[in-house]
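A.B. asks: from the sequence below, what's the structure:
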Amino acid sequence: MSSINYTTRTEGQTKIYTIIWTVPNFINILDNKTTREFRTEKSKDLTADLQDLRFQLKMQFLGHDNDIIEIHYLSPNPVFLKSVLNMCLKRFEERSIIIKEYHTIQANKWQYLATLFKRDIASYDGRDIYLLTDGSLRLKFQFIVSNDIKVDRSHVPEAELSNDFQNLLSNGLFSDVMMKSGEGTEYKVHKAVLASRSAVLKAHFEHNTTECITNIVESPLESEVLNEVLTFIYSDKAPKVDEIPEKLLAAADYYQLSRLKNLCEEALHKKLTVENAIETLQLADLHSANTLKQLTLEFIKDGQAKLITNTEGWAKVKSVELIKRIYEYIMADDVEDIK
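C.D. replies: Got it, this is the predicted structure:
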């Protein structure tokens, strides 16, 4: 049985998670040709500051004689991280195997980290240095998780195209159509830009429609939301996505802006709590936000169901279909993606 040791420390906006994975009798595992995969088990003894991020690790053995060992890891949350793998050697030494610089990791997706070779680990001539004296293999993982997505990118200039298009929206230069919010706020915009970004807006200008004749597009969105939608259409940015994700999700669904919809789903997933889980699930269902729906159901299933049934949101549920779906998901042995 392998053992896992977790530690963590915080440096500014960065959390450093150190995981030491010790696998005893590793040669025997390599020689057992029926073993094709070896995983860590979910720990039940994590400290409070580790509850928000529990990495899982696995080895995959490839080749007829387990000649190649691939190392993978999985994060339960989407994170921006730098990953480091060291091999713990004899005489308290360590050897760096791989360092991967900061990049975004999807939640619940196995990520490849490194490859080891049996010939290096099991030399059988007394020269192997990768195994400890007792024959165990010890790997030291460091997952450096940052909330500052600009880390190590100061040398990369910001793209100008996005800013140039945003300026085009701000100054209204060469605009050929007017877009009005639900309160009547007017925005000078451009048919070509709107049509290239949204199939719904494109349809306004393709046929003999009122908008095509008057060059005025009436939007049902309130000014704050429409301004954010137009900002996204022109610049691919959504500055207020963390402030008004519910409203923007509805707007993104209405105008078929898939990337904005994904950003809203991610923002709502980050805000997911026991108290708002039912409302979030209903919102995801209403706007066909399938990723958010799946993540919310997983959140409910992961030990939260009893708590959620005591919330105000649960008390207000009127949809028998929604209750049935939650029940079936929790009780299912093999969970399939929600369609």
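A.B. asks: do you know how far residue 278 is from residue 183?
C.D. replies: Shown here: residue 278 relative to residue 183, a distance of 31 Å by CB to CB, to the nearest Å. Yep, even glycine has a C-beta here, placed from its N, CA and C like the rest.
A.B. asks: same check on residue 71?
C.D. replies: Distance from residue 71 to residue 183, by CB to CB: 56 Å.
A.B. asks: neighbour count: these two, which is higher?
C.D. replies: Relative neighbour count places residue 71 above the other of residue 71 and residue 183, with 20 against 10, counting by other CB atoms under 10 Å.
A.B. asks: quick one: secondary structure of the more buried one?
C.D. replies: Under DSSP: H, G, I helix; E, B strand; the rest coil, residue 71 falls in the strand class.
A.B. asks: contacts only, for it.
C.D. replies: Residue 71 is in contact with 57, 58, 59, 85, 112, 113, 114, 115, 116, 139, counting by CB atoms under 8 Å, 6 or more residues apart in numbering.
A.B. asks: next up, the contacts around the first one.
C.D. replies: If you count contacts by CB under 8 Å, 6+ apart, residue 57 has them with 4, 19, 21, 39, 40, 71, 72, 73, 74, 139, 141.
A.B. asks: could you dump stretch 198-205 to CSV, C-alpha only?
C.D. replies: Written as CSV, here are the backbone C-alpha positions of stretch 198-205 (Å, rounded to 0.1, in the frame of the first residue of the first chain):
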residue,chain,number,x,y,z
SER,A,198,-23.2,36.3,-32.9
ALA,A,199,-25.4,34.1,-35.1
VAL,A,200,-28.4,35.8,-33.6
LEU,A,201,-27.3,39.3,-34.4
LYS,A,202,-26.2,38.1,-37.8
ALA,A,203,-29.7,37.0,-38.6
HIS,A,204,-30.9,40.6,-38.0
PHE,A,205,-29.0,41.8,-41.0
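A.B. asks: in the one helix or strand residue 278 maps to, what counts as buried?
C.D. replies: Counting by DSSP states H and E, the element that carries residue 278 is helix 277-286. For helix 277-286, burial by neighbour count (16 or more other CB atoms under 10 Å) applies to 277, 278, 279, 280, 281, 282, 283, 284, 285.
A.B. asks: residues contacting the first one?
C.D. replies: For residue 277, the set of contacting residues under the criterion of CB under 8 Å, 6+ apart consists of 296, 299, 300, 304, 308, 311, 313.
A.B. asks: how near is it to residue 193?
C.D. replies: 38 Å.
A.B. asks: how about the last one?
C.D. replies: When CB to CB is applied, the distance between residue 285 and residue 193 equals 32 Å.
A.B. asks: and the fifth one, by the same measure?
C.D. replies: Taken as CB to CB, the spacing of residue 281 relative to residue 193 amounts to 35 Å.
A.B. asks: need the contact list for residue 31.
C.D. replies: Per CB under 8 Å, 6+ apart, neighbours of residue 31: residue 66.
A.B. asks: phi, psi for it please.
C.D. replies: phi -80, psi -20 (degrees, to the nearest 10).
A.B. asks: what pLDDT does the model give it?
C.D. replies: Per-residue pLDDT puts residue 31 at 80.
A.B. asks: so where's the stretch 101-250 of the chain shaky on pLDDT?
C.D. replies: Residue ranges of the stretch 101-250 of the chain with pLDDT under 70: 122-129, 148-159.
A.B. asks: correct me, but residue 297 touches residue 308?
C.D. replies: No: using CB atoms under 8 Å as the test, residue 297 is too far from residue 308 to be in contact (11.1 Å).
A.B. asks: returning to that earlier point: for residue 174, state which of the contacts of residue 71 is nearest.
C.D. replies: Lowest distance from residue 174 to the contacts of residue 71 (CB to CB) belongs to residue 112, with 47.4 Å.
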